[in-house]
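> Quick one, structure for this:
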Amino acid sequence: MVYVKAKGAARPIEEEEITAENVFDRPDRTSGFFPGQVLADLTVAFVLLAIVVVLSYLVPAPLTEPMDLSTTTYVPRPEWFYFFYDQMLIFFPGFAMIPFGAIVIPTVIFFLFCAVPWIDNEPVYEPTKRPFVIMLAFLVVLVVFINLFLAMSRILNFPG
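Residues are numbered from 1 along each chain as shown. This is a model prediction of the structure:
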């Protein structure tokens with residue numbers, strides 16, 4: 001039996017089962033995580049795994065010719081998802097500057113991301129009332145896309 005105090009003496013209310021219709025009526029009552037949510041997560045994970053397995057069977061990875069150690073025309077390139085990071089090596093050329101562009105700047109950015117909860121501790125979640133986080137996210141996405149575009153144009157315009 002649960003008691004609710006509303007203007008006066010506490011009165012008992014009936015225990016009811018949580019359904020989709022009344023789940024938000026009683027925020028003090030929660031539904032169990034196990035086994036319902038665990039089963040739903042496992043089902044989604046299994047379906048996604050099955051999709052990946054079927055796609056990997058139907059669309060296999062292309063194999064190219066074997067490696068030729070005697071070639072001098074091969075230009076190594078990173079995978080497409082590292083193009084923006086590879087562009088940092090162009091911005092900081094030279095033996096002394098490569099560690100700065102490849103290690104120092106990404107490490108500083110990583111620690112800034114880790115510090116965002118302490119830097120921006122606004123109690124509201126509305127994006128219009130959090131200009132610092134919105135500008136930070138916008139600048140990060142903008143820098144990644146600009147670097148990606150520059151690296152892709154550099155690679156596509158490279159002879160050979």
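> What is whatever helix or strand L48 lives in packed up against?
Per DSSP states H and E, L48 falls inside helix 36-58. Using 3 or more C-beta pairs under 8 Å, 6 or more residues apart in numbering; DSSP states H and E, no helix or strand is in contact with helix 36-58. For glycine as for every other residue, the C-beta is placed from the backbone atoms N, C-alpha and C.
> Could I get the contacting residues of V144?
Listed by C-beta atoms under 8 Å, 6 or more residues apart in numbering, the contact partners of V144 are F84.
> So it versus V38, what's the distance?
35 Å (C-beta to C-beta, to the nearest Å).
> Checking M152 next. Helix, strand or coil?
helix (DSSP: H, G, I helix; E, B strand; the rest coil).
> Residue ranges in the protein under the pLDDT threshold?
1-16, 23, 26-31, 159-160 (pLDDT under 70).
> Tell me where it has helices.
36-58, 83-91, 98-99, 105-119, 131-156 (DSSP state H).
> quick one: buried residues of the longest one?
Applying a neighbour-count criterion of 16 or more other C-beta atoms under 10 Å, the buried positions in helix 131-156 are L136, N147, L148, L150, A151.
> quick one: it to chain centroid distance?
15 Å (C-alpha atoms, centre = their mean, to the nearest Å).
> how far off helix 105-119 does that helix point, in degrees?
160 degrees (axes from the mean of the first three to the mean of the last three C-alpha atoms, to 10 degrees).
> Compute the inter-axis angle for helix 131-156 and helix 83-91.
80 degrees.
> Same question for the fourth one.
Using the same axes, to 10 degrees, the interaxial angle of helix 105-119 with respect to helix 83-91 works out to 120 degrees.
> burial count for F84?
Counted with other C-beta atoms under 10 Å, the neighbours of F84 add up to 19.
> OK, contacts around it?
V143, V144, F145, N147, L148, A151.
> and which of those is nearest V44?
Lowest distance from V44 to those (C-beta to C-beta) belongs to V144, with 28.5 Å.
> For F132, see how far away that closest one is.
Distance from V144 to F132, by C-beta to C-beta: 19 Å.
> do the same with V59
Distance from V59 to F132, by C-beta to C-beta: 43 Å.
> got it, and L148?
Using C-beta to C-beta, we find L148 at a distance of 25 Å from F132.
> same thing with F83?
28 Å.
> Phi, psi for P78 please.
Dihedral pair for P78: phi -80, psi 170, per degrees, to the nearest 10.
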